[in-house]
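Q: Sequence and predicted model, in that order:
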Amino acid sequence: MANVKLEHVSKVYDKGKKVIDDVSIEIKDKEFLVLVGSSGCGKSTILRMIAGLEDITSGKIIIGERIVNNIHPKDRDISFVFQNYALYPHMSVYDNMAFPLKMRKYKKAEIDSKVREAADFLDLTEVLERKPKQLSGGQRQRVALGRAIVREPKVFLMDEPLSNLDAKLRAKTRAELKRLHESLQATFIYVTHDQTEALTLGDRIAVIDKGIIQQVDTPEVIYNYPANKFVGGFLGSPPMNFIKGKIEDNKVRINGEIFELNEEQKELLTGREEIYMGIRSEKFNEAEGNFTFRAKVRNSEMLGSKKIVYTECNEGECLAEMPANMDYREEITLRINTNNILYFDTETEKLIKNKREKDAI
């Protein structure tokens, strides 16, 4: 297998629109890296540039030890799984999976062995003679994966491969993809706008906005210590709450109640008059919270074992994750541990890192 490096890669279209801006990242050998971001952020363009389906304007793309900028897609030793599966409708499942091997002049016996081995692994043996129109969405997706597997490429590239599946099948196929990666021990680069896929699949996640990588790290670090407001607001369901507050005499006010900054926080926020406080919705129900305040309830959403309660905080909105067996009307008491609040600069919107966050990141 192989690692993949992007060194100062940019993409500018003819009319001067820059869609990828100086991206540098290394995907390690056998790693599962997820590129995540909203529609139009450039994540699929990055994937297509790695594949050779899009030219780059500047920079280098390296697969293994080779600079592949000018190497044809078929010679890059990669497999690409598309969002719409891209199966040949007139071919059987067997022939769809065998096609890339036939194009490379593999012997018939070797093709048969590889196809049947992949079909057995993906539970497709019983449908090898069917046409794509006779398959379910999940089966079609597995055929597309099987076609990629038989080639034994150095790198698997996947562009939102689960987006056409229903929620239940998407969850099942996520687990299959994770198992597939662990079994093949291959390098996977996976594009999605679905944060659940990003958090559950990736060894690391690269969060992208407007063609710029905002943060690359493990799911745990990105969820708990987002590099900026965009990352915190994008990754997580519900997104991170950001409460704007003023610092007066080393004290901060939320909905009329005041808490005092501890010594570490005082040092961290010296000279600042305003900050954004970042708090995840589940942190408003902390048993060991040291600060409580009342908040006006706007509405609530039932989500099985929990409710998401929409409240007013310092003239903004906070979402609090609460037990589902309670009825939340008019006002609610919220409890947090102020030692776990993250602080973000009001101008740059970047995380103000304390020692704990620096060690974690």
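A: Nice, thanks for sending it over.
Q: now for the strand of greatest length in the chain, which elements pack on it?
A: Ranked by number of residues, the top strand in the chain under DSSP state E is strand 291-303. Secondary-structure packing of strand 291-303 (3 or more CB pairs under 8 Å, 6 or more residues apart in numbering; DSSP states H and E): strand 257-260, strand 306-313, strand 316-323, strand 331-336. C-beta: built from backbone N, CA, C; applies to glycine.
Q: give me the low-pLDDT residue ranges for the stretch 251-361 of the chain?
A: Within the stretch 251-361 of the chain, the stretches with pLDDT under 70 are 287, 354-361.
Q: could you redo the last one with a cut-off of 50?
A: Scanning the stretch 251-361 of the chain for pLDDT under 50 picks out no residues.
Q: all helices for this structure, in order.
A: 43-51, 93-103, 108-121, 137-149, 167-184, 195-201, 219-224, 229-234, 263-268, 355-360 (DSSP state H).
Q: so which of the helices and strands packed on strand 291-303 comes closest to A118?
A: With CB to CB as the measure, strand 306-313 is the member of the helices and strands packed on strand 291-303 nearest A118 (40.5 Å).
Q: Domain ranges for the chain, per the record?
A: Structurally, the chain divides into domains by automatic domain parsing as follows: 4-230, 239-360.
Q: could these be laid out in JSON lines, adding mean neighbour count?
A: Listed next are those as JSON lines, based on neighbours: other CB atoms under 10 Å:
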{"stretch": "domain 4-230", "mean neighbour count": "18"}
{"stretch": "domain 239-360", "mean neighbour count": "15"}
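Q: can you tell me which residues contact the closest residue to D112 other than its chain neighbours?
A: Computed as CB to CB, 6 or more residues apart in numbering, the closest residue to D112 that is not its neighbour in sequence is A98, at 7.9 Å. With contacts defined as CB atoms under 8 Å, 6 or more residues apart in numbering, the neighbours of A98 are I111, D112, V115, V150.
Q: quick one on the thing from earlier: which among the helices and strands packed on strand 291-303 is found nearest to Q134?
A: strand 306-313 (40.8 Å).
Q: From the rest of the structure, what touches the closest one?
A: For strand 306-313, contacts defined as CB under 8 Å, 6+ apart pick out 238, 241, 243, 254-255, 281, 295-301, 317-324, 326, 328, 332, 334.
Q: Report the inter-axis angle for it versus strand 291-303.
A: 130 degrees (axes from the mean of the first three to the mean of the last three CA atoms, to 10 degrees).
Q: For the remainder of this discussion, apply numbering that starts at 41.
A: Understood, numbering begins at 41; the last thing we discussed is strand 346-353.
Q: So in that sheet, which strands flank strand 346-353, and in what orientation?
A: Using DSSP bridges, strand 346-353 pairs in its sheet with strand 331-343 (antiparallel), strand 356-363 (antiparallel).
Q: Make a markdown table from those strands and add distance to G186 to it.
A: Shown next, in a markdown table, are these (distance: least, CB to CB, whole Å):
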| stretch | distance to G186 |
| --- | --- |
| strand 331-343 | 36 |
| strand 356-363 | 40 |
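Q: right, and these - which one's nearest F270?
A: Closest of these to F270 is strand 356-363, at 16.7 Å (criterion: CB to CB).
Q: Any chance you could list what contacts the closest one?
A: So strand 356-363 is contacted by 278-279, 281-284, 319, 321-322, 324-325, 335, 338, 340, 346-352, 368, 372, 374 (CB under 8 Å, 6+ apart).
Q: Pick out the residue nearest the middle of this structure.
A: A238 (3.1 Å; CA atoms, centre = their mean).
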